[in-house]
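**Q** The following comprises the amino acid sequence and a computationally predicted model.
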Amino acid sequence: MNLQQLESRRVQTMAQIFLEAARHVPADKADWKPDPRAKSAHEIVSHLAKANGFFTQILRGEPPTGDTAPETEGRRYEDSLKEFEKSAQELVETIASLPDERLGETVQLPWGQSWKMTMIVAAASGHIAYHWGQIGYLQTLWGDATDYHLIP
């Protein structure tokens with residue numbers, strides 16, 4: 001198994017785990033925040049959908065378009081979940097099809113840092129896992145201590 005196969009499976013697994021937790025967010029809690037500076041579950045899902053697209057564009061050698069700020073105004077939570085699911089699948093496919101010769105490349109990121117392609121490939125699943133933890137924490141704040149996850 002090469003790095004691309006391993007990481008595409010990790011992204012797929014983390015996306016499934018994240019979705020399982022995010023689908024258990026009650027409708028009346030999707031936009032709830034414990035503090036005005038915090039992010040709601042809806043904002044987290046929206047951000048991840050955009051961030052997955054950002055990773056995908058970079059891995060395809062395309063300049064990333066837009067930012068990863070969440071867009072939830074006037075959007076339904078269910079639509080953001082579908083957008084995340086679609087973006088995660090595109091990311092999985094892009095990582096899996098990344099040619100070996102691209103792994104040694106260094107990429108200049110919009111915020112000024114340069115990352116090796118291997119770092120970008122490996123960071124994608126960790127980014128989803130980070131936000132899965134945020135969804136889990138929000139759930140505990142509204143009194144739901146159930147550990148929602150699905151490990152295939």
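**A** Done, it's in. Residues are numbered from 1 along each chain as shown.

**Q** in the protein, which ranges drop under the pLDDT threshold?
**A** The chain contains residues with pLDDT under 70 at 66-69, 150-152.

**Q** Just the buried residues of the top helix by length along the chain, please?
**A** Assignment by DSSP state H gives helix 117-141 as the longest helix of the chain. Buried residues in helix 117-141, counting neighbours by 16 or more other C-beta atoms under 10 Å, are found at 117-118, 120-122, 124-125, 127-128, 131-132, 134-136, 138-139. For every residue, glycine as well, the C-beta is placed using N, CA and C.

**Q** other SSEs contacting that helix?
**A** Counting contacts by 3 or more C-beta pairs under 8 Å, 6 or more residues apart in numbering; DSSP states H and E, helix 117-141 packs against helix 3-22, helix 41-59, helix 77-96, strand 106-108.

**Q** Adding mean neighbour count and distance to Asp147, write the ones you listed out as CSV.
**A** Formatted as CSV, the helices and strands packed on helix 117-141 follow (neighbours: other C-beta atoms under 10 Å; distance: least, C-beta to C-beta, whole Å):
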stretch, mean neighbour count, distance to Asp147
helix 3-22, 20, 9
helix 41-59, 23, 16
helix 77-96, 19, 19
strand 106-108, 12, 36
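
**Q** who wins for proximity to Tyr148 among the ones you listed?
**A** Nearest of those to Tyr148, taken as C-beta to C-beta: helix 3-22 at 4.4 Å.

**Q** can you list contacts of that closest one?
**A** For helix 3-22, the surrounding residues in contact (C-beta atoms under 8 Å, 6 or more residues apart in numbering) are 41, 44-45, 48, 81, 84-85, 88-89, 91-93, 95-98, 100, 103, 118, 121-122, 124-125, 128-129, 131-132, 135-136, 139, 148-152.

**Q** How about stretch 24-44?
**A** Contact with stretch 24-44 is made by 22, 47, 70, 72, 75, 77, 80, 131, 134-135, 138-139, 141-142, 144, 146, 148, as judged by C-beta under 8 Å, 6+ apart.
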